[in-house]
Structure formats: structure tokens, C-alpha cells
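Q: prediction below, plus the sequence it came from.
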Amino acid sequence: MTDRDSRKIVIFDTTLRDGEQSPGASMNLAEKMEAAGALVDLGVDVIEAGFPIVSQGDFDAVLEISKNVRGSTICGLARCREADIDRAWEALQHAERARIHVFLATSAIHREFKLKMDQEEIIRRAVEGVKRAAGYTADIEFSPEDASRTEADFLCRVVEAAIGAGATTVNIPDTVGYSTPTDMRRVITTLRERVPNIDKAVISVHCHNDLGLAVANSLAAVESGAGQVECTINGLGERAGNCSLEEIVMALRTRNDHYKADTGIVTKRLVPTSRLVANITGIQVQRNKAIVGRNAFAHEAGIHQDGMLKERTTYEIMRPEDVGFAKTDLVLGKHSGRAALADRAKEMGYHLEHEQLDDVFRQFKQLADKKKEIYDGDIAALIEQQIHTGGERWSLVSYHVVTGSDETPDVTLTLAHGDEQFTKTMSAGDGPIDAIFLAVEEITGYTVVCKDFNVHSVTVGKDAQGEVMVQVEYQDRLYRGRGISTDSVEASAKAFLNAINRIAASTTEAE
Ligand SMILES: [Zn+2]
């Protein structure tokens, strides 16, 4: 039970900014909108939607989320530079509640090697940055980057100056994931004891998981008085990722007796949101992942099962339904209507616009003709396909492959680009899929290196849809593609084209 006197911890989600920096996890605008909607349903207080100055794609995402998403504060990241801060505000100005997050590195190693600035210069820049942001909004977060490796005296001076200039949240990032819980406790305690105006701001932490300590470090910070935790769904993020939202939230909820702190998160939305983000990014969570992994509540040992049957609390510290595990996978079929599909999609965390729902419903009906029972996994795959392929340049019209053991395949492939169609006939490759990939490269003009290719069935049964995920490298960047079909060769072609389309979209943007 949650104590009534619990402190409320602000949950700052950075799945769309830091999480998106996971290699291969970049999301397009439609995907970010989908995730933002799910984060609001989940009850996160602040959504860090992007870093507007770094690319047009980031800017557009922050702008669209600010215009359309209601219910959470929308935050944009900026360095302590005028152009960054102005651009962040340009993207944030339509938000219901907007926060500008400015950051500047403070540790000796960053000062000396990256910024080439002395301590006084850093303080001057921090104050100027916060003041410029304060001209736009009253909600300002300041992060001294690499704070956990910054000398205590200097960190206190920077934080005091930033709060004096108008920062309402000061965030302590463990940028390189080097801290231990003891370090974290010491930093937060030092700030609370030595920064005279610290009560004018919320202390936040942003922990990376390089040593697997991100959640433990964040909890230690909360214990020492931090009022905000920065985290991501499924712990996504650069390298080993960030503090995982579902873990920190459930630790605070389950051990409220100890922490006397809680969050505004609707915990029943944890599993659906985790799945939605995994589907969108193509990065699945491992089975034994705490809280949201498929095995998180599976009691396999006989002696445990016996105990569970007699009294659940013997081995269960949380109930699966509290984090949103559905008891049964609801099955839809041929006779299910549009409303039933809409309902199911909403339950799974998707917010489909009228036309999107029409499209998905049409595909749902086609699929229901091919297979009897339609599971959640099928619906998610159809919706993801719809979102992922929105506005694609190249699409598959038809393929024809003739091949056999020890034979070079003959392939004829037709693709559409706008109103035009292009056909290529060739004899090449090591099998039907390789042959199609080569033909796609010939037609589109993009040559890539295939880094990963996997096929899995979306649900159970021989008639299940196959989902293909590919990861390709183009000019030193990773791109992923996804395709589904009851025909796995067609699914492969679609996945490869999806990756090519992502390359085309991001390279034309950069030009
Ligand atoms: Zn980070």
C-alpha cells in the first residue's frame, strides 16, 4: 500500500531523446507521435521529445508533439548557446506546458579537452543559457553534464548560479555510467547541504546503465532527496541504456514502506507501453527483464508453484495485473467489427486517427480471410506496418523468383516510386531473398551492408504472419526495416524496402 504522506517523484521520460540514440532505434515522426501518446496515457510528467537544433527531424518531432500532445509537459534539449535555446523554443512554443532543458559540461576532463573553458567561463555560460531560456518559459532544467565526475566545490557553485539565474530543476547526470549508489548519495547530499538556494529547485538525476546500476543509483538519489528521475521505457538509450522507467516506478511503488515516495504513473500501462516501444524501435526486451519481460511473473519451480497456489504472496511481491499483463490474449476474428478493433488497439496503447483506423481495419479484414484467429500480436504488427510505412517512397508491387538447390535464382521485381513503376529482371544471389535484395539495390540505387536479418512469427500457428526485421548499414549508420506478411519472402522484401526508405528519408533530409 502506498503511504498517504509519500513524496511525489517527477517522472521525466527521455525515450524519444536519449532512448532514440540507441543504435538502430531512430524513429520517424509518426512513430514518435505514437510513442508520445502512449507516454501521456502512462502518466509521465515530462516528455523530453528531442534536441531541436540537431536536425530537422528532431525539430519537427518536438514541434508536432508540442502542438498535438496534451497532458504532459513537453521538453526540448539545448546546449548553453543562444541558437540552440531559440531553436528549442521555436519547437516548443505551442506546448500546453513547455520546458527547456539546457546543458553544459562541468567536469575537469570535459572543461579541458572538449570545451577548453575555465571554471569562470563555464559559470558565465551556464547563467547566460538559463537566463535566455527564462525569457521564454518559467520551467527550466539545467544539467551540468558529467556532474558525477565534477569536483564537489565547483559543482555546488555552478548549481547555485544556475538556480540563481532561474533554473527550476537541476539535473545531475551520470553521463558515463560510472557512479555507484554511494557516490550518488554523496553528490545529492552535498548539494542539499551546501547550495544555499537548493530549495528553489527540484533535484533530478539521469543515470546511465554501463555498470548495470542505473536504477540502483536513481533510487539512492531519491533516498537522498532527489525529486525527479530521468528514465526511458525498457531502459533504452546509448550504450547500455538509461534507468528503466518500469523498474524505478515499481521499485518505488512496491517498496513504498522504505522510500516513502511514489510517482503518478498508471502502472497498468507499463506492459502495453513497453511492448509498443519495443515494436516501434524493433528492440525487444529480454525474457527475464524485470517487470515487463515475458518471464517476469512466470513461476517455474514446482515448490514455488505449490506455494503460489496456496497463497500468492508467498512468492509474489507484485501482481502481474498491476503492471498490465493481460490474463488472456483476446482473440478477434472475421466477424469482429471496426469498433472491436479500435477498442483493442486503444487498449494496446495506440492512438489511431480516423483514416489510419480505416486502413488498419481493411488489412485486418484481409488477414481474417487468410487466418482464423487474430491475436494482439497480429494487430500490433498491422498497426506498426501502417505507421512505419506512412509516406514511403519505394513500395513493392510484385516479385517473381524461380530457384532451387544449387541454382542461381532468376528474379523479376517491380517497385513503385510515386506514380512510376520500375522493373528489374536479373539472375543473381544465393537464394530467393538475397536475389530480391540485390534487385532492390539495383532499382533504388542504394547499396547497403546487411547487418542483421531475422524472421519470426508474430503469433502462433502455421498460418501465422511472419515478421522480418532487417538492419542495414549505409554510410556508417544503421537503419532498420520491418515487413510483415503471411508470405515470408514478401515480408523480407518489404522489410528491406522499409530500411531503404528510411535511408532515403534521412539522407534527403541531411542534404
Ligand atoms: Zn543520457
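A: Everything's here; your move.

Q: residue boundaries of the helices in the stretch 301-450 of the chain?
A: 302-310, 338-347, 354-370, 376-388, 432-444 (DSSP state H, counting those that start in this stretch).

Q: go through those helices and name the closest to residue 417.
A: Distance to residue 417, taken as C-beta to C-beta, is lowest for helix 432-444 among the helices of the stretch 301-450 of the chain, at 8.2 Å. For every residue, glycine as well, the C-beta is placed using N, CA and C.

Q: now that closest one: mean pLDDT?
A: Mean pLDDT, computed over helix 432-444, is 94.

Q: that one: which residues count as buried?
A: 432, 433, 434, 435, 436, 437, 438, 439, 440, 442, 443, 444 (16 or more other C-beta atoms under 10 Å).

Q: helices or strands next to that helix in the packing?
A: strand 394-402, strand 410-417, strand 420-427, helix 488-510 (3 or more C-beta pairs under 8 Å, 6 or more residues apart in numbering; DSSP states H and E).

Q: before we move on, back to that, would you turn the helices of the stretch 301-450 of the chain into CSV with distance to residue 283?
A: As requested, those are exported to CSV (distance: least, C-beta to C-beta, whole Å):
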stretch, distance to residue 283
helix 302-310, 30
helix 338-347, 22
helix 354-370, 23
helix 376-388, 13
helix 432-444, 23
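
Q: mind checking which of those helices is nearest residue 409?
A: For the helices of the stretch 301-450 of the chain, proximity to residue 409 was assessed by C-beta to C-beta; helix 432-444 is nearest, at 3.9 Å.

Q: from the buried residues of helix 432-444, pick the one nearest residue 184.
A: residue 437 (47.6 Å).

Q: just checking, that closest one touches residue 494?
A: No: Residue 437 is beyond contact range of residue 494, at 11.8 Å (criterion: C-beta atoms under 8 Å).

Q: worst mean pLDDT among the helices of the stretch 301-450 of the chain?
A: The weakest mean pLDDT among those belongs to helix 302-310, with a mean of 66.

Q: tell me which residues in stretch 98-113 are buried?
A: Neighbour counts over stretch 98-113 (16+ other C-beta under 10 Å) mark 98, 99, 100, 101, 102, 103, 104, 105, 106, 107, 110, 111 as buried.

Q: show residues contacting stretch 470-484.
A: If you take C-beta atoms under 8 Å, 6 or more residues apart in numbering as the criterion, stretch 470-484 is touched by 23-24, 26, 282, 381-382, 384-385, 388, 446, 448-453, 458, 465-469, 490-503, 506-507.

Q: and for stretch 275-283?
A: 15, 19, 22, 24-25, 27, 31, 34-35, 38, 233-234, 236, 284-285, 292, 348-350, 380-381, 384, 387, 469, 471, 480, 482.

Q: shaky segments in the stretch 201-350 of the chain?
A: Counting by pLDDT under 70, the stretch 201-350 of the chain has low-confidence residues at 299-309, 311-315, 327-330.

Q: in it, which spans are strands?
A: Here the stretch 201-350 of the chain has its strands, by DSSP state E, counting those that start in this stretch, at 202-207, 228-231, 261-262.

Q: how far off centre is the second one?
A: Its chain's C-alpha centre lies 14 Å from the corresponding centre of strand 228-231 when counted by C-alpha atoms, centre = their mean, to the nearest Å.

Q: dump that strand to CSV, keeping only the CA atoms.
A: Extracted in CSV, the C-alpha atoms of strand 228-231 (Å, rounded to 0.1, in the frame of the first residue of the first chain):
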residue,chain,number,x,y,z
GLN,A,228,12.8,13.8,-10.3
VAL,A,229,14.2,10.8,-12.1
GLU,A,230,15.0,10.7,-15.8
CYS,A,231,14.4,7.4,-17.4
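
Q: for it, which strands pair with it and how are they oriented?
A: Using DSSP bridges, strand 228-231 pairs in its sheet with strand 10-13 (parallel), strand 202-207 (parallel).

Q: which among those strands is found nearest to residue 76?
A: Proximity to residue 76 (C-beta to C-beta) singles out strand 10-13 among the strands paired with strand 228-231, at 12.8 Å.

Q: test my guess that residue 212 contacts residue 241.
A: No: counting by C-beta under 8 Å, residue 212 stays clear of residue 241, with 10.0 Å between them.

Q: the more surrounded of those two?
A: Of the pair residue 212 and residue 241, residue 241 is the one with more neighbours under other C-beta atoms under 10 Å, namely 23 against 10.

Q: roughly how far apart are that one and residue 9?
A: To residue 9, residue 241 is 20 Å away according to C-beta to C-beta, to the nearest Å.

Q: would you mark the buried spots in stretch 256-266?
A: 259, 261, 262, 263, 265.

Q: would you reformat the residues you listed as TSV and include distance to residue 427?
A: Converted to TSV, those look like this (distance: C-beta to C-beta, whole Å):
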residue	distance to residue 427
259	66
261	66
262	65
263	60
265	57
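
Q: which one of those residues is nearest residue 197?
A: Nearest member of those to residue 197, counting by C-beta to C-beta, is residue 261, at 23.0 Å.

Q: hang on, the earlier thing: the contacts of stretch 275-283 in helices, which ones?
A: 31, 34, 35, 38, 380, 381, 384, 387 (DSSP state H).

Q: JSON lines please, covering those and showing neighbour count and distance to residue 272.
A: Output for those, formatted as JSON lines (neighbours: other C-beta atoms under 10 Å; distance: C-beta to C-beta, whole Å):
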{"residue": "31", "neighbour count": "22", "distance to residue 272": "16"}
{"residue": "34", "neighbour count": "24", "distance to residue 272": "12"}
{"residue": "35", "neighbour count": "26", "distance to residue 272": "12"}
{"residue": "38", "neighbour count": "24", "distance to residue 272": "7"}
{"residue": "380", "neighbour count": "25", "distance to residue 272": "10"}
{"residue": "381", "neighbour count": "24", "distance to residue 272": "15"}
{"residue": "384", "neighbour count": "21", "distance to residue 272": "14"}
{"residue": "387", "neighbour count": "21", "distance to residue 272": "16"}
